[in-house]
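Engineer: need coordinates for the following:
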Amino acid sequence: MKNCFQETWMQDPSQKIQEMFLYLFFLAFMTQLIFNQPLFAPLARQVNPGYDGSLDEPPHYEETSFSGTARNGYSTGEKSEFREVRHSVVSVFGHDTLDRVPNINFYRNPGSVSGHRAIRPSLQELHNVFQVTGSDGIPADMESVTPEEQQAGFVKFGWIKGVLVRCMLNIWGVMLFIRLSWVFGQAGIGLGIVVICLSLVVTSVTGLSMSAICTNGVVRGGGAYYLISRSLGPEFGGSIGLIFAFANAVAVAMYVVGFAETLVDLLKQSDAIMVDEINDIRIIGCITLVLLLGISLAGMEWEAKAQIFLLIILLVAIVNFFIGTVIPATKDKKSKGFFNYQASIFAENFVPDFRDGETFFSVFAIFFPAATVIGIIICASVNYHLTLFLGYNFSSCATETCKYGLMNNFQVMTMVSGFGPLITAGTFSATLSSALASLVSAPKVFQALCKDNIYKALHFFAKGHGKNNEPFRGYVLTFLIAVAFILIGDLNVIAPIISNFFLASYALINFSCFHASYAKSPGWRPAYKYYNMWLSLLGAVLCCAVMFVINWWAALLTYAIEMFLYIYVTVKKPDVNWGSSTQAVTFINAVNNALTLSSVDDHIKNFRPQCIVLTGAPRTRPALLDIAHSFTKGYGLCLTCQIFVVRVCSWIILNKGLQGAMEWNQTWLNEKKRKAFYAAAASSNFREGAETLLQASGLGRLKPNTLVIGFKRNWRTADVTELQNYVGVLHDAFDFEYGVVMLRLSQGLDISHIIQDFPFPPSPCLIYFFLPSSLLFPLSLPFHAQLPHCFLWFSGSVNSPQSSPATKVNQREVEASTQFQKKQGKGTIDVWWLFDDGGLTLLIPYILTTRKKWGECKLRIFIAGQAERIEQDKAEMQALLAQFRIKYINITVIPDVGSKPNKESWKMFEDMIEPFRLHEGAKEFASADTQKKEHSWKITDAELEMLEEKTCLQIRLNELLQENSRAANLIIVSMPIARKGTISDHLYMAWLDILTKNLPPTMLIRGNHKSVLTFYS
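Structural biologist: Coordinates of the predicted model:
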């Protein structure tokens, strides 16, 4: 505060008291709005605002919901609102401190169900001065954060009930009981083992990859979808999530059809078929599905209890089967082809015997849903070529349909077992348990996908009910999908569909592990170490290959669906940020590419404008951003820059303001699809801030080389220092060898006075407080008083109610500011290439003509020449442009550029500079000398006389521009340079003003006088 007022304190004391009061009022107002905390109460108590001695309880950290989570993973409340009052504690270090010892609660995500998220003290809270007051001067002893009580009623399952039981029930599923015998009948013992081993390889590699991903942090609900989406990002996760959920829903149908097949076989033996076999399967399947849905809707506890009961039955049935294989076969079993373990039968049936159009991979496709089966069953297979075997005649099988044998009887395990009804019970248990598990998992996966809101149209299914957040809506959807596939009624048709989808999921799980390892992100720290990134990649390739070998058109269809969903999610850009490995790899590639560029020297052929655009807040000068974006979009660097001028201001507030500006403006650029970056700098004046940006912006070869700035329309009314800073930025740009592009619109560039609800002050120079006039007038203090300028989030209208003429003016300004967003009609871009600056004046308009919006505009070239050699000058320019391979429609040589301007134009210029002239020639020497010292910035008569020819040139050029280019879509003119120490700032601004006055959109361009065009290949 002392620095803010020390220069003016010796003036009127009463005014300074008013300014001091207003300063305190502004500070209070700012604190109230930004931090939502009063200022004067802590000042009165003289204590640290971060400490409240009236409270002894530990700080309360309120957990945020998923909806309150920002895209970067932090809660919105943590970033946008002031933190709760914190207390110092007597720590293990023996002194009062706000510091906390490491605690797991500080690292939890928002919405954590395993513990309460806490927020550690900020760096600012620790860095600020800390004062302790209280009854005894020492706060309550509290070191760690008190966790919130666990959410009541939330059901958790251990690794046995939640993982082991469910995996075993899926492994020993329908394929084990009613299709494994058929697999060995088709493929033989040899290839049957290969089928199982190939499945084992795929699932084992996938299991290793999944173990690595699962142990790299807490995994929430969603299964493979959660793993893939959090590893590879929403594009891959969203596409595979729908496929995975659909595959689980179809799996319900597969298991129910397997159950129905077994039950129909029992009905057939009892001659109790209701309609026919296929329709009985459909009827029984639908009824079974309704009962399973009822169990699922009853809750996870009932489902878990049912799974344990079914597992017990399943284990007893499997043991019963192996017992049956060693019990001597009865005559009935032998008549059906079972002779216990026989070496001759083993040898005869070791080779495959594919029938009915089956192949190795079609058999594999049917078996793969039970991909983690490890054991094999070796039993007799009936060979139709045998007429007599061990006293039994099977010759009829060669001419008639055989009811028995591995090929024809899916209930072979029942026949072989020691007690057949136990196998039937095991089949029921396997099919029902697997169906129940899939019926529960499919809605959960789908709910997790919908909760992430990747597909907004599906958000309806994200809602959960009850203490376990049961997805009842997802259950209904899964039920309908399962019914549709149950109506197919054929297990051999349903199984390959699931195989394709699960293989696609496995491929992406393996690729996720490889991609995360390849990215080498510091966040990739899996606790499970027994994996290899290249083995995971091999697993991903193997899954893809198997998909195509099984059914190439189904694989193409699967990947076509996945690609469509991937593109959809990419285009929609969901508002999520999970720190995926895709982001890590993108970062690595960007760094490597930047380093590669740094090792290669620049070449003229690869030159492109890399722009620093002084837009202020980008939305306040859209025309300036749009024209720069037109010649950098997708091909060059574009930095939209804002300079915040601050005087006395807390750097904590300043830092928060800069971070907020960065995030908000970059988001705005992304939403408007502007391929540009936002950068901000805080400085004591505009020139220093711009100088910082000019020197420090960029990375390696990705550094700006062109400054894009708007014409200062209010230069005649601006403060002298403000104008000097503006012109100083141009001088600095030339000193740093930047090219300079200056845009002028007759309506002006700045529309901040029209925009509603902008969060940061629009001016690139000064940051003001916006207060109602009623707060200013009673103090009788002008708005431009010597006050500290600080950040303030301002939301609300900044323009008072306007009359109809003012509204029309605003409308014209808005239309002018958006004119470069529209497609430019047929017209011309007039290029007045007066000075050779290396070619930037010609390159930028050429680049514009290559853009879609400017594609219908043609170049017209204007050059200065001499009257006696017009044709020669024109021919030389034609030859040069032909060498540059730049198309144009006309070249005009202006022979009278050096002529005197007319009197009206000269009078206009004199009126323009009159307020800034010193007129020392009309004053006495002593008085003139004093005036020069006091007003050194003014235009002297000697300066005007010395620069008369250059001044006449600017005025004459304006006349020629109005004469030749009034109808152009855009005018580009070589920018005059002001030699430092020779031309005053006001005279230079008058040159630029008179040169571009009363013209269509005009750009003044001056390159850095290094070639940016070449005609060499």
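
Engineer: and the helices in the stretch 101-250 of the chain?
Structural biologist: 123-127, 159, 165-171, 174-178, 180-214, 223-232, 234-269 (DSSP state H, counting those that start in this stretch).

Engineer: which helices and strands does the helix or strand just after the longest one pack with?
Structural biologist: Using DSSP states H and E, the helix or strand that follows helix 234-269 in sequence is helix 277-298. Helices and strands touching helix 277-298, as assessed by 3 or more Cβ pairs under 8 Å, 6 or more residues apart in numbering; DSSP states H and E, comprise helix 234-269, helix 300-326, helix 420-451, helix 472-486. Every C-beta, even on glycine, is put in place using the N, C-alpha and C of the backbone.

Engineer: per-residue confidence averaged over helix 277-298?
Structural biologist: Averaging pLDDT along helix 277-298 gives 87.

Engineer: so for that helix, what gets flagged as buried?
Structural biologist: Going by neighbour count (16 or more other Cβ atoms under 10 Å), the buried part of helix 277-298 is 277, 280-286, 288-289, 292-293, 295-297.

Engineer: list of residues touching stretch 854-870?
Structural biologist: By Cβ atoms under 8 Å, 6 or more residues apart in numbering, the residues outside stretch 854-870 that reach it are 630, 823-834, 842, 845-846, 848-849, 873-874, 877, 881, 886-897, 964-965, 968-970.

Engineer: make a PyMOL selection of the buried ones in those.
Structural biologist: Only the buried members of the contacts of stretch 854-870 enter the following PyMOL selection, criterion being 16+ other Cβ under 10 Å:
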select buried, resi 630+824+827+828+829+830+831+832+833+834+842+845+846+848+849+873+874+877+881+886+888+891+892+893+894+897+964+965+968+969+970
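
Engineer: quick one: which of the contacts of stretch 854-870 sit in helices?
Structural biologist: Ser630, Leu842, Pro845, Tyr846, Leu848, Thr849, Asp873, Lys874, Met877, Leu881, Asn964 (DSSP state H).

Engineer: the second one - nearest residue in space that isn't next to it in sequence?
Structural biologist: Right, the one you point to is Leu842. Nearest residue to Leu842, sequence neighbours excluded (Cβ to Cβ, 6 or more residues apart in numbering): Trp833, at 5.7 Å.

Engineer: max pairwise distance over the buried residues of helix 277-298: which two?
Structural biologist: Put simply, by Cβ to Cβ the two of the buried residues of helix 277-298 set farthest apart are Glu277 and Leu297, 30.6 Å from each other.

Engineer: where in the stretch 351-500 of the chain is pLDDT low?
Structural biologist: 369-411, 413 (pLDDT under 70).

Engineer: please repeat the previous calculation with a cut-off of 80.
Structural biologist: By pLDDT under 80, the weakly predicted segments of the stretch 351-500 of the chain are 351, 353-357, 361-362, 364-420, 422-434, 437, 466-469, 491-492, 495-499.

Engineer: cool, and the stretch 151-300 of the chain?
Structural biologist: Ranges of the stretch 151-300 of the chain meeting pLDDT under 80: 151-185, 217-232, 240, 262, 269, 295-300.

Engineer: got the contact list for the residue nearest to Val576 when sequence neighbours are not counted?
Structural biologist: Leaving aside its sequence neighbours, Val576 sits nearest to Pro234 (Cβ to Cβ, 6+ apart; 5.3 Å). By Cβ under 8 Å, 6+ apart, Pro234 lies in contact with Asp452, Ile454, Val569, Pro574, Val576, Trp578, Ser580.
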